[in-house]
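Undergrad: This is the structure alone, sequence omitted:
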């Protein structure tokens, strides 16, 4: 009897083949079946980001955008919560939006095709909210602790779309057991946040940790349900 090859390479090929089928092929089938409606969140989010970026270049509309969507830890909590949904699509002010648009399209597009629009919005909002609330906790702890940051960070604007995007990639990577997706889109954000531990980087780490925990919990429950 031939000895079955249980080496690393065959296992790796199996993992990559499964990810290709569960992510790329499944998303392509959904896109062919549903058309543009299947990526409506990606299209809408991109348009919203570009429009908001354009409005930021004009003084009067910029003040409106800031009033409706700019989130900082020095605001009352209720105000930040009201502004958080719009803040998801406000691009970072010191960078052009073009670099973030492909990631936003891919994150929202894949998520809507693979897990549905409701869960996509829930994960995106939850990741952003986790970063926002995490920033307040870190500021409250203060700089004397490893988990704290200086009080001056309270004046910094929250991460905007980036926390939602990395949150969606994290959720998909854990739920679909997709290591390539994780290595390509989650790990670089985590490494960059660790190398540059500013408030935005810390918010990204909080978003990744919270979403990964929730996704793993749902994955575990799903596994128990299938085995029962």
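TA: Structure's in. What do you need? Please read all numbers here as calculations on a predicted model, not as lab measurements.
Undergrad: Pull the contacting residues for the nearest residue to residue 180 once chain neighbours are set aside.
TA: Distances taken as C-beta to C-beta, 6 or more residues apart in numbering place residue 19 nearest to residue 180, at 5.7 Å, with adjacent residues excluded. Yep, even glycine has a C-beta here, placed from its N, CA and C like the rest. Under the criterion of C-beta atoms under 8 Å, 6 or more residues apart in numbering, the neighbours of residue 19 are 176, 177, 178, 179, 180, 181.
Undergrad: cool, residue 219 as well?
TA: With contact set as C-beta under 8 Å, 6+ apart, residue 219 has these partners: 174, 175, 177.
Undergrad: That one is in what secondary structure piece?
TA: Here residue 219, judged by DSSP states H and E, is contained in helix 199-227.
Undergrad: What residues of that helix count as buried?
TA: 199-208, 210-212, 214-215 (16 or more other C-beta atoms under 10 Å).
Undergrad: And stretch 168-186, by the same measure?
TA: Neighbour count says stretch 168-186 has 168-176, 178, 181-182, 185-186 buried, by 16+ other C-beta under 10 Å.
Undergrad: Looking at those residues, which are in helices?
TA: Among the buried residues of stretch 168-186, the residues falling in helices (DSSP state H) are 168, 169, 170, 171, 172, 173, 174, 175, 181.
Undergrad: Can I get those in JSON lines including pLDDT and distance to residue 156?
TA: Shown next, in JSON lines, are those (pLDDT from 0 to 100; distance: C-beta to C-beta, whole Å):
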{"residue": "168", "pLDDT": "97", "distance to residue 156": "23"}
{"residue": "169", "pLDDT": "97", "distance to residue 156": "23"}
{"residue": "170", "pLDDT": "97", "distance to residue 156": "23"}
{"residue": "171", "pLDDT": "97", "distance to residue 156": "26"}
{"residue": "172", "pLDDT": "96", "distance to residue 156": "28"}
{"residue": "173", "pLDDT": "95", "distance to residue 156": "28"}
{"residue": "174", "pLDDT": "94", "distance to residue 156": "29"}
{"residue": "175", "pLDDT": "92", "distance to residue 156": "31"}
{"residue": "181", "pLDDT": "93", "distance to residue 156": "29"}
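Undergrad: Could you dump these into TSV with distance to residue 34 added?
TA: Shown next, in TSV, are those (distance: C-beta to C-beta, whole Å):
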residue	distance to residue 34
168	18
169	21
170	24
171	20
172	18
173	23
174	24
175	20
181	21
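Undergrad: Looking at the residues you listed, spot the one nearest residue 9.
TA: residue 181 (20.6 Å; C-beta to C-beta).
Undergrad: Which residue is the nearest non-sequential neighbour of that closest one?
TA: residue 173 (4.6 Å).
Undergrad: Would you agree that neighbour is in contact with residue 184?
TA: No. With contact defined as C-beta atoms under 8 Å, residue 173 does not reach residue 184; the gap is 9.2 Å.
Undergrad: now the angle between helix 199-227 and the helix or strand hosting residue 125, please.
TA: Applying DSSP H and E as the criterion places residue 125 in helix 117-141. Angle between the axes of helix 117-141 and helix 199-227 is 130 degrees (criterion: axes from the mean of the first three to the mean of the last three C-alpha atoms, to 10 degrees).
Undergrad: Mind giving me the packing neighbours of helix 117-141?
TA: With contacts taken as 3 or more C-beta pairs under 8 Å, 6 or more residues apart in numbering; DSSP states H and E, helix 117-141 sits against helix 40-56, helix 77-87, helix 101-115, helix 161-175, helix 199-227.
Undergrad: Report the buried residues of it.
TA: Under 16+ other C-beta under 10 Å, the buried positions of helix 117-141 are 117, 119-121, 123-124, 126-136, 138-139.
Undergrad: Nice, that's everything, thank you.
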